[in-house]
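S.K.: need a structure here:
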Amino acid sequence: MSAERREHEREAVSAGGDDARFSLKAGSRDYAFTHVHDVSISGAGVVLPEPIDIGTPVTLTFDSDEIGRASCRERV
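M.R.: Sure, this is the predicted structure:
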């Protein structure tokens, strides 16, 4: 077994309904979902119905009535 290499601790985050939601834009595709795996300040794991091509720009957004909107942009 290898040692944990992540710099920041990660946690699973769930959101659902109209008060909190996640979305991911990957190139021209949009995905909406309620659960994100392994969330930390430096990354997140998401499960999508198909792979995203390497180099594709992505934007992950969390939108909540309670805390507002937070987004991050990166490339696969």
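S.K.: The chain: strands as residue ranges?
M.R.: Secondary structure of the chain (DSSP state E): strands located at 11-14, 20-26, 29-33, 35-40, 43-45, 57-64, 68-75.
S.K.: and the third one, how far out from the chain's middle?
M.R.: Using C-alpha atoms, centre = their mean, to the nearest Å, we find the averaged C-alpha position of strand 29-33 to lie 10 Å away from the chain's own average C-alpha position.
S.K.: Give me the buried positions along that strand.
M.R.: Buried positions in strand 29-33, judged by neighbour count with 16 or more other C-beta atoms under 10 Å: Tyr31. Every C-beta, even on glycine, is put in place using the N, C-alpha and C of the backbone.
S.K.: From the contact counts, what lies against it?
M.R.: Here strand 29-33 is seen to pack against strand 20-26 when contacts are counted using 3 or more C-beta pairs under 8 Å, 6 or more residues apart in numbering; DSSP states H and E.
S.K.: The strand it packs on: how far from the chain's middle?
M.R.: Computed by C-alpha atoms, centre = their mean, the chain-centroid distance of strand 20-26 equals 7 Å.
S.K.: quick revisit: mean pLDDT for the strands of the chain: which is lowest?
M.R.: For the strands of the chain, mean pLDDT drops lowest on strand 11-14, to a mean of 60.
S.K.: Ser23 contacts Arg69, correct?
M.R.: No. With contacts counted by C-beta atoms under 8 Å, Ser23 stays clear of Arg69, the gap being 10.1 Å.
S.K.: Looking at the two, which one has more neighbours?
M.R.: Neighbour count, other C-beta atoms under 10 Å: between Ser23 and Arg69, Ser23 has more, with 14 against 8.
S.K.: and the more buried one, what does it touch?
M.R.: Ser23 is in contact with Asp30, Tyr31, Ala32, Phe33, Leu60, Thr61, Asp63, counting by C-beta atoms under 8 Å, 6 or more residues apart in numbering.
S.K.: my read: the fourth one touches Ala20, true?
M.R.: No. Here Phe33 does not reach Ala20: they are 11.7 Å apart, not a contact under C-beta under 8 Å.
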